[in-house]
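1. Sequence and predicted structure below; questions after.
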Amino acid sequence: MNRQSLFNLTGVTCMALSCMANASEGGGSSYPLGAESYMAGAMPPPGMYGQVFVSHYEVDSFRGNDGKKLPMDFDLRADCIAGRFIWVTEQQVLGGQLGFHLIAPLVDVKVSINDQSQSKSGLGDIILAPALGYHYSDKMHAIFAVDTIVPTGRYERNDLANTGRNYWVIQPVVALAYVDPDGLNVDVKTMYDFNFENPATNYRSGQSLHMDYSVGWGMGNGWVLGVGGYALWQTTDDRQDGERVEDNKSRSLAIGPSIKYSSKSGWFLTAKWQNETEVRNRPDGNAYWLKLSVPF
């Protein structure tokens with residue numbers, strides 16, 4: 001990871017977020033790894049729904065290709081509030097329920113590298129997508145989608161902190177959920193990123209495979225207790241001015257406690273903490289998440 005990449009650390013922040021993700025340019029990503037938890041693969045019945053994500057991400061080290069801390073004074077703090085609008089239609093397509101969603105994050109990020117620091121806040125990169133939901137049984141569910149991440153956040157090439165990544169991302173999504181209020185709950189949301197080039201830097205971040213996951217046990221009273229996090233593997237090299245950037249692929253694994261409470265009126269709340277480990281070519285830190293889902 002070269003110094004110019006570090007100085008391009010764009011919103012390694014929250015929901016659309018940019019908070020945790022592939023090595024790529026500056027070690028950040030347009031998707032916040034670990035954002036999803038329980039019910040990630042279960043599309044709700046037709047109607048309108050709102051979700052609010054609140055996250056805090058803190059980092060005090062940046063890991064290199066060998067997994068060791070880079071020799072610099074590095075600090076990152078990112079806070080985000082993201083609103084998500086979900087519309088599930090009555091229409092069936094290919095046997096699945098057609099739905100749409102849009103996520104718009106508000107980001108506040110502060111980055112310090114050695115004797116330089118900068119703060120910035122504002123709109124991050126928006127995520128939008130059509131999706132198809134399937135219900136194979138009363139417990140087994142799936143969602144298939146293709147997310148588009150739009151570079152709506154503010155970006156300046158020479159700034160330490162940015163609220164956007166300044167490039168488009170196409171992201172196929174497969175999310176599976178097994179939901180049992182009185183037993184096992186498992187969710188796995190798998191995504192693959194196709195990153196476009198950043199026109200301000202002529203840098204194209206490599207493709208990456210990542211999964212948000214949660215495993216818990218339903219207590220029969222609305223509560224689910226378990227663990228959750230994410231796994232990440234960057235699958236192709238970055239490219240700068242068309243040339244391969246070697247020894248810069250990122251990977252990481254995160255795990256921590258995760259809980260959910262579902263009310264009888266239809267809203268539910270999830271909360272989790274996740275610690276990153278096995279980190280390569282990206283920041284190494286801790287994230288805290290709250291997600292509230294409410295039917296309109």
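-> Cool, got the structure. All values reported here derive from a predicted model rather than from experimental measurement.
2. What residues of stretch 229-246 count as buried?
-> Buried residues in stretch 229-246, defined by neighbour count with 16 or more other C-beta atoms under 10 Å: 229-234, 237-240, 245. Backbone N, C-alpha and C define where each C-beta goes, glycine included.
3. ignore the last one, stretch 198-210
-> In terms of neighbour count (16+ other C-beta under 10 Å), stretch 198-210 has its buried residues at 198, 201, 203-208, 210.
4. got a list of contacts for it?
-> 5, 8, 21-25, 29, 31, 33, 155, 157, 165-167, 190-197, 230-242, 248-250 (C-beta atoms under 8 Å, 6 or more residues apart in numbering).
5. Now with 7 Å, please.
-> Contacts of stretch 198-210 with the rest of the structure, by C-beta atoms under 7 Å, 6 or more residues apart in numbering, involve 8, 21-22, 24-25, 33, 155, 157, 166-167, 191-195, 197, 230-241, 249.
6. Now the lengthiest strand in the chain: average pLDDT?
-> Ranked by number of residues, the top strand in the chain under DSSP state E is strand 74-93. Average pLDDT, strand 74-93: 96.
7. Could you identify the helix or strand that succeeds that strand?
-> Downstream of strand 74-93, the first helix or strand assigned by DSSP states H and E is strand 96-113.
8. helices or strands next to that next one in the packing?
-> With contacts taken as 3 or more C-beta pairs under 7 Å, 6 or more residues apart in numbering; DSSP states H and E, strand 96-113 sits against strand 74-93, strand 116-123, strand 126-135.
9. just for the protein, where's the confidence low?
-> 1-24, 26-28 (pLDDT under 70).
10. just the helices in it please.
-> Along the chain, counting by DSSP state H, helices occupy 3-7.
11. Let's see stretch 262-279 as PDB, backbone CA atoms only.
-> Output of stretch 262-279 as PDB, limited to C-alpha atoms (Å, rounded to 0.1, in the frame of the first residue of the first chain):
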ATOM      1  CA  SER A 262     -38.900  -8.300  17.200                       C
ATOM      2  CA  SER A 263     -42.100  -6.600  18.400                       C
ATOM      3  CA  LYS A 264     -45.600  -8.000  17.900                       C
ATOM      4  CA  SER A 265     -46.500  -4.900  16.000                       C
ATOM      5  CA  GLY A 266     -44.000  -5.600  13.200                       C
ATOM      6  CA  TRP A 267     -40.900  -3.500  14.000                       C
ATOM      7  CA  PHE A 268     -37.600  -5.000  15.000                       C
ATOM      8  CA  LEU A 269     -34.200  -3.800  16.200                       C
ATOM      9  CA  THR A 270     -30.800  -5.400  15.900                       C
ATOM     10  CA  ALA A 271     -27.600  -4.400  17.600                       C
ATOM     11  CA  LYS A 272     -24.000  -5.800  17.300                       C
ATOM     12  CA  TRP A 273     -20.300  -5.100  17.900                       C
ATOM     13  CA  GLN A 274     -17.700  -6.600  15.500                       C
ATOM     14  CA  ASN A 275     -14.000  -6.900  15.900                       C
ATOM     15  CA  GLU A 276     -11.800  -7.200  12.700                       C
ATOM     16  CA  THR A 277      -9.100  -9.800  12.500                       C
ATOM     17  CA  GLU A 278      -6.900 -11.500   9.800                       C
ATOM     18  CA  VAL A 279      -6.600  -8.000   8.200                       C
END
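12. Sounds good, over and out.
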